[in-house]
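[1] My questions concern the predicted model and sequence given below.
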Amino acid sequence: MTTTLLVPNTNDLEKLSHLPTELALQRAAPLLARLVSDPAFLDACALLLLEEAREADDWYVARCCDGQDGSYSLQVLVWPPGSRTQIHDHTSWGAYCCVVGSVFEERYERLDDGSQLEHARLRKVWQLSWSREDGVSSILPYDEGIHWVGNLGSKTAVSVHLYGPKGDGLDGRDYDPSRDYVCDRREI
């Protein structure tokens with residue numbers, strides 16, 4: 001049995017992609033909040049967890065709905081206990097919220113001016129644990145959205161992510177602060 005997740009009207013998602021970043025994020029947050037408060041969507045996520053019950057050590061995209069023109073990507077991510085992303089950014093704006101359990105997010109700012117190839121100095125600016133009741137986290141493209149997300153808890157978590165249009169064939173950049181290193185991450 002494959003669970004179909006209910007998604008917002010795709011016209012609404014496509015309209016978001018044509019808005020300026022700040023306005024798109026303002027409208028994306030309530031759209032995601034409505035989606036994750038929909039009992040049918042929550043039931044579908046619960047079924048997804050049952051279907052996807054597997055021995056996974058790392059986070060993964062369980063479901064994805066992309067605009068045909070690349071204008072948006074709506075993704076449902078599953079976070080086994082202890083899983084996390086590396087520090088990264090995105091080429092697009094993004095918003096996410098937790099549906100099941102909670103995820104932890106840590107944000108960074110870039111201290112250098114970006115003029116040196118493959119070099120980035122970061123400083124942590126805040127951290128927060130997000131559950132469904134905490135609302136929506138949003139990120140701006142590139143340096144304005146450097147973060148990592150993960151599940152520090154003991155139970156699997158599920159989150160829903162909405163991203164705007166990507167740019168330049170890149171998905172974003174990955175950072176390694178232990179070496180003051182940054183590199184581009186290509187779209188897959």
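    All right, it came through fine. Numbering: from 1, shown residues only.
[2] and K155, how many neighbours does it have?
    K155 has 12 neighbours, counted by other C-beta atoms under 10 Å. (Each C-beta comes from the backbone N, C-alpha and C, glycine too.)
[3] actually L35, sorry about that
    L35 has 19 neighbours, counted by other C-beta under 10 Å.
[4] hang on, it is in a strand, isn't it?
    No - L35: not assigned to a strand; according to DSSP: H, G, I helix; E, B strand; the rest coil it is helix.
[5] For D180, see how far away it is.
    To D180, L35 is 38 Å away according to C-beta to C-beta, to the nearest Å.
[6] Next: Y163.
    Taken as C-beta to C-beta, the span from Y163 to D180 is 27 Å.
[7] Same question for C97.
    From C97 over to D180 the distance is 32 Å, taken as C-beta to C-beta.
[8] who has more neighbours, the two?
    In terms of neighbours (other C-beta under 10 Å), C97 is the more surrounded of C97 and D180; the figures are 24 against 15.
[9] so what's the more buried one up against?
    L32, A33, V36, W130, R132, D134, G135, V136, S137, S159, V160 (C-beta atoms under 8 Å, 6 or more residues apart in numbering).
[10] before we move on, what about P165?
    Contacts of P165 by C-beta under 8 Å, 6+ apart are S17, G70, S71, Y72, S92.
[11] which residues of the chain fall in strands?
    Under the criterion DSSP state E, strands of the chain are mapped to 60-66, 73-79, 94-100, 102-110, 122-131, 137-139, 146-150, 157-163, 170-176, 181-186.
[12] can you redo those as JSON lines with distance to D12 and mean pLDDT?
    Formatted as JSON lines, the strands of the chain follow (distance: least, C-beta to C-beta, whole Å; pLDDT from 0 to 100):
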{"stretch": "strand 60-66", "distance to D12": "12", "mean pLDDT": "83"}
{"stretch": "strand 73-79", "distance to D12": "11", "mean pLDDT": "89"}
{"stretch": "strand 94-100", "distance to D12": "13", "mean pLDDT": "92"}
{"stretch": "strand 102-110", "distance to D12": "25", "mean pLDDT": "96"}
{"stretch": "strand 122-131", "distance to D12": "23", "mean pLDDT": "94"}
{"stretch": "strand 137-139", "distance to D12": "17", "mean pLDDT": "93"}
{"stretch": "strand 146-150", "distance to D12": "24", "mean pLDDT": "96"}
{"stretch": "strand 157-163", "distance to D12": "11", "mean pLDDT": "91"}
{"stretch": "strand 170-176", "distance to D12": "23", "mean pLDDT": "88"}
{"stretch": "strand 181-186", "distance to D12": "28", "mean pLDDT": "87"}
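[13] Redo those as TSV? Include distance to L25.
    Formatted as TSV, these follow (distance: least, C-beta to C-beta, whole Å):
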stretch	distance to L25
strand 60-66	19
strand 73-79	15
strand 94-100	6
strand 102-110	15
strand 122-131	16
strand 137-139	5
strand 146-150	15
strand 157-163	10
strand 170-176	16
strand 181-186	21
